[in-house]
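Q: fold the following.
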Amino acid sequence: MDMTERAAELYYDTTRRDVWELLRWRALKAPGGRRQLLLWLVVLPLAPLVLITAQHGLAVDPAALASTLGVGMALGALCLWLELWRTARRMYRWAAEYPEYKMVVTELGMQNHRPDGTAVAYGWDKYTGWAETRGLFVFVFRNGDLGWVPKRCALTPEDLDRIRSFFDRNVPRLG
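A: Numbers count the residues shown, from 1 in each chain. Sure, this is the predicted structure:
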């Protein structure tokens with residue numbers, strides 16, 4: 001008797017919302033994303049403060065420093081948003097090349113089948129970890145790239161549980 005769990009087949013198309021959710025997860029949970037947040041929202045806004053203080057010494061008005069910091073953080077947030085928007089556009093354009101994907105999750109790994117007949121198979125050893133967001137399963141490749149599968153593509157809640165069990169058995173769960 002074969003005790004292996006049957007494969008989970010998932011059919012999905014990529015939406016812009018998926019890409020934004022993936023980038024939001026990266027910014028809040030992945031080390032590279034947190035470094036990017038720290039750079040744009042803390043380090044760069046502090047640069048003008050350091051320059052102003054170095055130029056004027058202790059004679060600087062605290063209100064001017066506070067407003068400079070506020071403007072710097074607002075500009076940092078705007079630049080971060082623009083960078084994420086540009087990245088999301090690029091990722092969506094790449095993923096939207098095909099109208100529908102078929103992902104097959106098995107004990108051996110994941111296979112991504114495209115409508116043009118091509119397929120890519122990755123064994124579990126290609127992944128360093130996986131995480132779950134409100135609407136996605138996110139997986140991190142060994143080279144740092146991110147992949148995702150929308151939860152909406154599961155036909156039943158049992159399919160979601162089966163996918164989670166494949167991931168949990170084969171790849172460490174991230175934060």
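Q: which residue is nearest the middle of this structure?
A: For the chain, L22 is the residue whose C-alpha lies nearest the centre (Cα atoms, centre = their mean; 3.3 Å).
Q: L136 is in contact with that one, correct?
A: Yes - under the criterion of Cβ atoms under 8 Å, L22 makes contact with L136 at 6.3 Å. For glycine as for every other residue, the C-beta is placed from the backbone atoms N, C-alpha and C.
Q: shared neighbours of those two, anything?
A: Common contacts of L22 and L136, defined by Cβ atoms under 8 Å, 6 or more residues apart in numbering, comprise W148.
Q: list the buried ones in stretch 119-137?
A: 122, 124, 126-127, 130-133, 136-137 (16 or more other Cβ atoms under 10 Å).
Q: kindly apply the preceding question to stretch 106-122 instead.
A: Neighbour-count burial for stretch 106-122 [16+ other Cβ under 10 Å]: 106, 109-113, 122.
Q: run the chain-centre distance for it.
A: 21 Å (Cα atoms, centre = their mean, to the nearest Å).
Q: roughly how far does the residue of the chain positioned farthest from its centre sit from L65?
A: Farthest-out residue of the chain from its mean C-alpha position, per Cα atoms, centre = their mean: A59, at 44.7 Å. Distance check for A59 against L65: by Cβ to Cβ, to the nearest Å, it reads 11 Å.
Q: over to D159?
A: Counting by Cβ to Cβ, the separation of D159 from L65 is 55 Å.
Q: ok, now Y101?
A: 51 Å.
Q: those two: which is more packed in?
A: Y101 (18 against 15; other Cβ atoms under 10 Å).
Q: just checking, what packs against whichever helix in the chain runs longest?
A: If you go by DSSP state H, the chain has its longest helix at helix 62-95. Applying 3 or more Cβ pairs under 8 Å, 6 or more residues apart in numbering; DSSP states H and E, one finds that helix 62-95 contacts helix 16-29, helix 31-38, helix 44-56.
Q: could you say what helices and strands the helix or strand L10 falls within packs with?
A: Using DSSP states H and E, L10 maps to strand 8-12. Where contact means 3+ Cβ pairs under 8 Å, 6+ apart, strand 8-12 is packed against strand 101-105, strand 146-150, helix 157-170.
Q: how far away from the center of its chain is the longest one?
A: It stands for helix 157-170. With Cα atoms, centre = their mean, you get 20 Å for helix 157-170.
Q: by contact count, what packs against that helix?
A: Using 3+ Cβ pairs under 8 Å, 6+ apart, helix 157-170 is in contact with strand 8-12, strand 101-105, strand 127-132, strand 136-141.
Q: that's all I had, so thanks and see you.
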